[in-house]
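[1] Got a predicted model here, sequence first, then my questions.
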Amino acid sequence: MSAHINRRGLMLVLSSPSGAGKTTLSRRLLESDANVSLSVSVTTRPKRPGEVEGRDYLFVGESDFERMAEAGEFLEHAQVFGHRYATPRGPVLEALAAGRDVLFDIDWQGTQQLRQQVREDVVTIFVLPPSREELERRLHSRAQDSDEVVAKRMEKANDEISHWAEYDYIIVNQDIDRAQHEVETILTAERLKRARQPGLPGFIESLMRGG
């Protein structure tokens, strides 16, 4: 009979400049690992075509966002490109307590706030593009944004990349399959940390007494 050791979930943060691949990596991880769920952010930005309320984001107005922030309902919140984004506290803490891992697609500001709130539960990965030219090529190839928006994203990339040293792990996304494997390897190792397995003492005790 295989041993089952109770484990506390972790918060896995993926950050990167826009276009470096964190969204693709997030999607692949969610598809390959049933114990990982995506933290659905609250946002004030308008819904884009194809987006679903509650799956992609929780869409709210400015006044509701402000009320939720003042009530302490967010683990972190930030403003990006003129819109506000936040992580709702309740669903995340419930998932961690149940031993499920929660994936975050947030920027460095949100990552800092998460660490201040629940440092021991947070694992952070920063995804870099292989070159600046490749980053710009990827942004243009998505065909979602105008040239003006792409230029703004490229301008913002330097600021985002400058925070790389604040992260636990760095992945250079030259090949998406290799980058996915590296993310999965990090997750496996972090799950095995002693501090994240509160069920270990009981398991060790049963081993030692032969139970």
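    Yep, it's here.
[2] Give me the residue at the spatial middle of the protein.
    Nearest to the geometric centre of the chain sits Phe104, at 1.9 Å (C-alpha atoms, centre = their mean).
[3] what does whatever helix or strand Val149 lives in contact?
    Secondary structure from DSSP states H and E places Val149 in helix 147-161. With contacts defined as C-beta atoms under 8 Å, 6 or more residues apart in numbering, helix 147-161 is touched by 15-19, 81, 107-108, 128, 132, 135-136, 139-140, 145. C-beta here means a position set from N, CA and C on the backbone, and glycine is covered the same way.
[4] got it, and stretch 40-49?
    For stretch 40-49, contacts defined as C-beta under 8 Å, 6+ apart pick out 53-62, 65, 68, 74, 77, 83-88, 91, 105-106.
[5] So for it, what gets flagged as buried?
    For stretch 40-49, a neighbour-count test (16 or more other C-beta atoms under 10 Å) marks 40-44 as buried.
[6] now swap in stretch 203-211 and tell me
    Buried, per 16+ other C-beta under 10 Å, within stretch 203-211: nothing.
[7] Could you look up the SS state of the residue nearest to the centre of the chain?
    Of the three states, Phe104 takes strand under DSSP: H, G, I helix; E, B strand; the rest coil.
[8] quick one, strands of the protein?
    11-15, 36-38, 41-43, 57-59, 74-80, 83-88, 101-105, 122-128, 169-172 (DSSP state E).
[9] got the CA positions of the lowest-mean-pLDDT helix or strand in the chain in CSV?
    Using mean pLDDT, DSSP states H and E, helix 132-141 stands out as the lowest-scoring helix or strand of the chain, at a mean of 78. Provided in CSV are the C-alpha atoms of helix 132-141 (Å, rounded to 0.1, in the frame of the first residue of the first chain):
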residue,chain,number,x,y,z
ARG,A,132,14.9,41.3,-27.1
GLU,A,133,14.4,40.7,-30.8
GLU,A,134,12.6,37.4,-30.1
LEU,A,135,10.4,39.1,-27.5
GLU,A,136,9.3,41.8,-30.0
ARG,A,137,8.7,39.2,-32.7
ARG,A,138,6.4,37.2,-30.4
LEU,A,139,4.4,40.3,-29.5
HIS,A,140,3.9,41.1,-33.1
SER,A,141,3.0,37.5,-34.0
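[10] Which neighbouring elements make contact with that helix?
    The contact analysis (3 or more C-beta pairs under 8 Å, 6 or more residues apart in numbering; DSSP states H and E) places helix 132-141 against helix 147-161.
[11] Nearest to Leu200, out of the strands of the chain?
    strand 101-105 (17.7 Å; C-beta to C-beta).
[12] quick check: mean pLDDT across that closest one?
    Averaging pLDDT along strand 101-105 gives 94.
[13] That strand pairs with which strands?
    Each strand paired with strand 101-105, and its direction, by DSSP bridges: strand 11-15 (parallel), strand 36-38 (parallel).
[14] For Arg115, which of these is the nearest?
    It's strand 11-15; of the strands paired with strand 101-105, that one is closest to Arg115 (C-beta to C-beta) at 9.0 Å.
[15] for that closest one, which positions count as buried?
    11-15.
[16] and which of the residues you listed is nearest to Leu187?
    The closest of the buried residues of strand 11-15 to Leu187 turns out to be Leu12 (C-beta to C-beta; 6.2 Å).
[17] That concludes my questions; thank you for your assistance.
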